[in-house]
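# just need the structure, nothing else, for what follows:
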Amino acid sequence: MDVGELLSFQPEKPALTVGGGGGGGVKRKRRLDDDLPPKSDESKKEKRQNAIKDEQENIARLLEEEPEVDALDEISLKRLLLQFEKRVYRNQEMRIKFPDLPEKFLESEVDLNEAIMELHIVATAPELYHILVELNSVQTMLQLLNHENTDISIAVVDLLEEMTDIEALNENEDDAAILLDALLNAQVMALLVQNLDRLDESIKEEADCVHNSLAILENMIELRPEVCIDAAQQGFLQWILKRIKTKIPFDNNRLYCSELLSILIQTHEENRDRFGELDGIDVILQQLSMYKRRDPVTPEEIEMVENLFDSLCSALMHPSNRGRFLRGEGLQLMNLMLREKKVARSSALKVLNHSMNGLEGVDNCNKFVEILGLSCIFPLFMKTPKAHKKAGPSKQELEEHIVSIISSLVKNCDGTQRQRLLNKFIENDHEKVDRLMELHFKYLSKVHAADDKVEALKREARQNGEEITDDMEEEYYLRRLEAGLFTLQQIDYIVLETCLSCSSAVRQRVLKILNLRGGSVKTIKSIMREYAGSIGDASNPASQKAEQEKILQLVDRF
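Numbers count the residues shown, from 1 in each chain. I've put the predicted structure just below:
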């Protein structure tokens, strides 16, 4: 054996086998604990149980050792409020005495901040809110919103947000009402807006204060919806619009502002008018224009865009805002969104529907045809687009919006625009008429199914000895509308107008399809007579009567 073989030589190691002695076992390496007796499962289980028991005993001991906190009562609250008032007065005194020497009033400011923090316990006892009002402590808190030190105003906003938390207010409605009355009488909205104007959101604490200020507004609106009008009058609507158009990166406060904007103008006509006067239409259109060729990135940004579209739809319910939308080139923007096929397309359809319906939509309808909108809307009519997974209306809602837009165009367009619209139903061998009748039968079957359910409900009510009241009839009618009756009425209105205004070939095509599919002219007439009975603006009897007469004349001529 030479030197190399000697160095590489290794003696054979004994191998253990699994499966007993003999030559057929699988070899494995010997472990250090092979000679130890195996641990029993019972001993492991016992150790786990002992560990759990020890942990439970430790928790119980800690709970017993924790000092008890006295519940807040009237006496302790008055003591806290007295201390708070003294520290407010002391801080004011020191600031007046040493206006240019911050080190002199710094200690009193720290004490005041601590006193505000101690008042947070009040939010746990809403039944004592009346004491804050009786002792004028609410007024003192609101005065501190204008404190020279923003740290103090931030602390007060944080306290008010906690006190107006909707869960706390719902625990004791009487005291909640007393607190809200005191806040509103002191014009809390105007004071919050003044404080918001001086905050710098690049500082985290001040950005949090903005969020808490918005939360106070939302809490109060949830308990009292009429607060929306006060908030708009006292500057909140204007501040929200200014914040939305600020050119800073997207954040949660921007999302929150968009949500509150949609709430403020959703149900209050006065706020919609104020929104238009504050150039709100232009502000929203400018923000939405950023999404005509790109999609929002995060779910939060998607939600913000939806809120802006909803706000625009609410605003367009006010007649004067239709003109502002037209002058702001809102139609052109929505039309571009239809072409680009981004997330915004679905919501753009909803906006177009709101901008064109009714007598106030005449100018927008004619302008839409003028800017070549027909080339965008009719492809969608022929094939309803898929709904976006993350945002916007459902496919069913999209189809209803498209039908409603075309119905509004048929009603409101005149002159050359109307002729261009009607020509669409003749081109390509009447394919639009075929699609129209396809939708007629689709929605007719839905309405028939809803009618069967309504009749079943009526039979059940009569069997139980109940009388069918006017409220019940109204509820049944709403069920039918939700099932598709309104869309069916819009479809059949388009059928009547095209049959009577286009060439006779259109009418012949409609009758042919009705015969092939077992439909009838009588059914269409019945639907349109019911439509005439419910259409129109009840606040304007003259226009309502004119609309009804027009539909009935179409029915008689069909």
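# now the helices: where do they sit in the stretch 151-300 of the chain?
166-171, 173-185, 188-197, 204-223, 227-233, 236-245, 252-264, 269-277, 280-288, 299-315 (DSSP state H, counting those that start in this stretch).
# no wait, the stretch 451-558 of the chain
Under DSSP H, counting those that start in this stretch, the stretch 451-558 of the chain gives helices at 470-480, 486-501, 504-516, 521-534, 541-557.
# those: lowest mean pLDDT?
With a mean of 84, helix 541-557 has the lowest mean pLDDT of these.
# quick check: buried residues in it?
547-548, 551-552, 554-555 (16 or more other Cβ atoms under 10 Å). Every C-beta, even on glycine, is put in place using the N, C-alpha and C of the backbone.
# repeat for stretch 502-519
For stretch 502-519, burial by neighbour count (16+ other Cβ under 10 Å) applies to 502, 506-507, 509-510, 513-514, 519.
# before we move on, back to that, can I get the helices of the stretch 151-300 of the chain in JSON lines with mean neighbour count?
Converted to JSON lines, the helices of the stretch 151-300 of the chain look like this (neighbours: other Cβ atoms under 10 Å):
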{"stretch": "helix 166-171", "mean neighbour count": "15"}
{"stretch": "helix 173-185", "mean neighbour count": "17"}
{"stretch": "helix 188-197", "mean neighbour count": "21"}
{"stretch": "helix 204-223", "mean neighbour count": "19"}
{"stretch": "helix 227-233", "mean neighbour count": "20"}
{"stretch": "helix 236-245", "mean neighbour count": "20"}
{"stretch": "helix 252-264", "mean neighbour count": "21"}
{"stretch": "helix 269-277", "mean neighbour count": "19"}
{"stretch": "helix 280-288", "mean neighbour count": "21"}
{"stretch": "helix 299-315", "mean neighbour count": "21"}
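# among those, which is nearest F325?
helix 280-288 (5.5 Å; Cβ to Cβ).
# just checking, what packs against the closest one?
Using 3 or more Cβ pairs under 8 Å, 6 or more residues apart in numbering; DSSP states H and E, the elements in contact with helix 280-288 are helix 236-245, helix 299-315, helix 319-327, helix 330-340.
# I'd like these as JSON lines, with distance to L132 and mean pLDDT appended.
Below are the helices and strands packed on helix 280-288 laid out as JSON lines (distance: least, Cβ to Cβ, whole Å; pLDDT from 0 to 100):
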{"stretch": "helix 236-245", "distance to L132": "23", "mean pLDDT": "95"}
{"stretch": "helix 299-315", "distance to L132": "34", "mean pLDDT": "95"}
{"stretch": "helix 319-327", "distance to L132": "41", "mean pLDDT": "95"}
{"stretch": "helix 330-340", "distance to L132": "47", "mean pLDDT": "94"}
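# that older thread, can I get the helices of the stretch 151-300 of the chain in CSV with distance to I535?
As requested, the helices of the stretch 151-300 of the chain are exported to CSV (distance: least, Cβ to Cβ, whole Å):
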stretch, distance to I535
helix 166-171, 40
helix 173-185, 40
helix 188-197, 40
helix 204-223, 33
helix 227-233, 30
helix 236-245, 33
helix 252-264, 28
helix 269-277, 21
helix 280-288, 28
helix 299-315, 21
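# out of these, flag the one nearest E114.
Closest approach to E114 among the helices of the stretch 151-300 of the chain (Cβ to Cβ): helix 204-223, 16.5 Å.
# who's in contact with that closest one?
Helix 204-223 is contacted from outside by 150-151, 153-154, 157-158, 160-161, 164-166, 169-170, 176, 180, 183-184, 188-189, 192, 195-196, 199-201, 227-228, 231, 236, 251-253, 256-257, 259-260, 263, using Cβ atoms under 8 Å, 6 or more residues apart in numbering.
# repeat for stretch 334-350
288, 291-296, 302, 305-306, 309, 313, 333, 351-352, 355, 368, 371-373, 376-377, 380, 385, 387-388, 390-393, 397-398, 401-402, 405.
# could I get the buried residue list for it?
So, applying 16+ other Cβ under 10 Å, buried residues of stretch 334-350: 334-338, 340, 342-350.
# endpoints of it, how far apart?
Terminal residues of stretch 334-350 are spaced 10 Å apart (Cα to Cα, to the nearest Å).
# cool, and stretch 241-258?
9 Å.
# could you dump the helices and strands packed on helix 280-288 to JSON lines with distance to L478?
Output for those, formatted as JSON lines (distance: least, Cβ to Cβ, whole Å):
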{"stretch": "helix 236-245", "distance to L478": "32"}
{"stretch": "helix 299-315", "distance to L478": "20"}
{"stretch": "helix 319-327", "distance to L478": "25"}
{"stretch": "helix 330-340", "distance to L478": "29"}
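# so which of these is nearest E270?
helix 236-245 (10.5 Å).
# so the closest one versus helix 269-277, what angle?
Interaxial angle of helix 236-245 relative to helix 269-277 (axes from the mean of the first three to the mean of the last three Cα atoms, to 10 degrees): 40 degrees.
# confidence score at N252?
93.
# distance of it from K389?
According to Cβ to Cβ, to the nearest Å, N252 and K389 sit 23 Å apart.
# what of D279?
With distances taken as Cβ to Cβ, D279 is found 34 Å from K389.
# more neighbours, the two?
Neighbours per residue, other Cβ atoms under 10 Å: of D279 and K389, the larger number sits with D279, 14 against 7.
# check contacts around that one.
D279 makes contact with L241 under the criterion Cβ under 8 Å, 6+ apart.
# that older thread, got the helices of the stretch 451-558 of the chain as a markdown table, with distance to V110 columns?
As requested, the helices of the stretch 451-558 of the chain are exported to a markdown table (distance: least, Cβ to Cβ, whole Å):
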| stretch | distance to V110 |
| --- | --- |
| helix 470-480 | 60 |
| helix 486-501 | 64 |
| helix 504-516 | 82 |
| helix 521-534 | 67 |
| helix 541-557 | 66 |
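# and of those helices, who's closest to L80?
Of all the helices of the stretch 451-558 of the chain, helix 470-480 comes closest under Cβ to Cβ, at 51.1 Å.
# any regions of the chain where pLDDT drops low?
Within the chain, the stretches with pLDDT under 70 are 1-48, 51, 59-71, 390, 536-539.
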